[in-house]
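1. Below is the sequence, then the predicted model.
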Amino acid sequence: MKSLPLLLLLSASLPSIFEAKEKPGPSGDHEIVIEKELLITALEVVNGPEATYPGPWSFGHLMDEALGEKISRKTVATWLDSWAKGSPENATFRLPPREALEERLIAPWRQRDQLVDCGDWLPDFAHAPFRLLAIVNRMDLGEHALPTTPVPTSTFNDSSGYGPAAGNLVGREAGEARFVFAAVDLSGQPLPGGTTIILEYGLDAPTSSPGKLADWAKSWHALGAQPAFDDTYRAKLVEVTRRFTKQLLRIRVNDGAFGDVREFREFHLQDGKLVPAQLPGTPNDSYFVKGSADNRSLTEWVAKQRVPRESEIDNPRAAKTEIPASFPLPASFQATIARVPDNDASFHWDGWGMRDEGLRRAFSMQTCCGCHCGDTSTAFFHIAPTPAETEATLSKFMRTDGSRWRPKDPSNGRGFLSSEMEDRKMLLERVLKPNPTNRELNRIREVRNGRFH
């Protein structure tokens with residue numbers, strides 16, 4: 001859900017990224033294959049035996065690993081029940097009920113489990129109404145790809161949508177990985193309105209193991225050498241995923257099926273429970289109302305977030321600044337639910353009096369609604385639920401054909417270039433390449449700092 005989902009979108013002057021298809025692979029063996037190494041949606045994978053419980057990519061198995069087999073079923077039942085009923089009065093975050101969740105997901109699951117009374121329910125994970133849509137490599141969110149402008153690691157805040165979340169980088173120094181599931185009915189069809197459940201994991205690469213980052217990159221990259229999504233490919237992918245599936249960071253939901261208005265929520269694992277958490281890159285609803293007092297105060301705060309260029313940090317008279325790659329949004333601003341008013345797919349953040357178009361878009365794109373709606377010209381899903389016989393539909397923002405796309409800024413109607421998956425590919429190439437040139441390193445720094453927008 002949440003971000004500058006990767007970068008502040010690149011300008012037309014990036015031919016090197018798109019010429020890469022004509023060049024040898026970054027480590028001299030093969031070219032990076034986005035569909036096998038970065039964004040895996042092939043039906044042979046998501047419908048394979050590994051995605052069926054107790055397979056290693058099934059929702060139930062992943063819950064068993066994250067929570068422990070002794071409590072996983074009860075924990076999931078409690079999580080769904082609290083999500084449906086809303087938070088109790090003594091909860092850290094007060095959240096309203098999502099009442100249709102009981103009718104459309106919990107009750108059919110209980111029915112399939114053949115549980116007719118209202119006693120304690122321990123869900124059968126073999127009947128879990130969640131279908132795997134994608135396995136995603138997000139090494140682009142690692143420490144190696146962070147902006148070079150100094151940011152205290154302990155307070156580093158990234159974004160929502162498909163970017164990383166707030167908090168330090170311990171356990172995810174090499175980035176993240178994700179499993180994207182669709183909520184489905186008893187026949188396996190996506191629920192009307194569409195809901196996705198995203199399990200997000202950390203890829204550790206401690207500084208005490210300097211080769212760990214390259215090791216992660218090589219492991220993902222080796223998948224691209226396989227000629228097909230066959231048994232051998234899936235076995236190698238299992239080897240990769242087993243290395244991180246005990247490091248659950250959070251669960252994010254993009255929910256249009258359980259209420260009249262689409263909303264985004266986030267849950268963290270805390271003391272053996274899945275509990276609601278703040279959305280670190282998204283402000284409360286009141287800050288989206290242009291011209292309101294809250295909107296003005298947030299606009300003033302955003303305007304102050306520009307930072308000196310790295311080469312000018314020590315020069316107090318430096319006039320030139322650059323847009324940060326993320327905004328450490330204070331907790332007092334952060335929402336616990338991000339709603340899409342009127343289910344308007346053009347919805348986005350627009351600051352009253354904000355004259356800097358790049359800065360406005362940079363901040364808005366880290367919000368759930370900006371990332372999944374107006375600022376990426378996306379109708380809610382970057383990886384959309386589909387029937388089992390159909391590969392997940394990708395947004396134009398996430399397209400994998402290597403093309404460049406020019407969506408329009410929802411605030412001013414001006415076009416800008418987008419090449420998200422090619423940018424992720426470029427960052428993976430730079431990790432795989434043993435000795436990048438200074439020019440290549442500077443290129444990454446400029447991209448991560450949002451210099452091209």
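-> Ah, there it is. Numbers count the residues shown, from 1 in each chain.

2. quick one: Ala345 is in a strand?
-> No - counting by DSSP: H, G, I helix; E, B strand; the rest coil, Ala345 is not found in a strand; it is coil.

3. That one contacts Asp375, correct?
-> No - in this structure, Ala345 is not within contact of Asp375 by Cβ atoms under 8 Å, at 11.2 Å. No exception for glycine: its C-beta is placed from N, CA and C like everyone else's.

4. Those two: which is more packed in?
-> Asp375 (32 against 16; other Cβ atoms under 10 Å).

5. Quick one: residues contacting Ser286.
-> Ser292, Asp294, Asn295 (Cβ atoms under 8 Å, 6 or more residues apart in numbering).

6. mind checking pLDDT for it?
-> As summarised for this prediction, Ser286 has a pLDDT of 96.

7. tell me the SS of it?
-> Reduced to three states with three-state DSSP, the structure at Ser286 is helix.

8. Could you tell me how far it is located from Ala293?
-> Separation of Ser286 from Ala293 (Cβ to Cβ, to the nearest Å) stands at 8 Å.

9. before we move on, what about Lys236?
-> If you measure Lys236 against Ala293 using Cβ to Cβ, the figure is 55 Å.

10. Give me the more crowded residue out of the two.
-> Set Lys236 next to Ala293 and count neighbours by other Cβ under 10 Å: Lys236 wins out with 15 against 11.

11. Is it correct that the more buried one is in contact with Ala222?
-> Yes - counting by Cβ under 8 Å, Lys236 does reach Ala222; the two are 6.6 Å apart.

12. What ranges in this protein fall below the confidence cut-off?
-> Along the chain, segments meeting pLDDT under 70 span 1-28, 89-90, 116-119, 145-170, 207-210, 309-321, 434-453.

13. quick one: the strands in it?
-> With DSSP state E as the definition, the chain shows strands at residue ranges 39-40, 130-138, 176-183, 195-202, 248-255, 263-270, 273-277, 279-283, 307-308, 321-322, 334-335, 338-339, 383-384, 393-394.

14. Which neighbouring elements make contact with the second one?
-> Translated: strand 130-138. Applying 3 or more Cβ pairs under 8 Å, 6 or more residues apart in numbering; DSSP states H and E, one finds that strand 130-138 makes contact with strand 39-40, helix 43-46, strand 176-183, strand 383-384.

15. next one: the third one
-> When contacts are defined as 3+ Cβ pairs under 8 Å, 6+ apart, strand 176-183 sits against strand 130-138, strand 195-202.

16. Who are the contact partners of Ile337?
-> Counting by Cβ under 8 Å, 6+ apart, Ile337 touches Leu95, Pro96, Glu263, Phe264, Arg265, Leu279.

17. gap between it and Lys212?
-> 36 Å.
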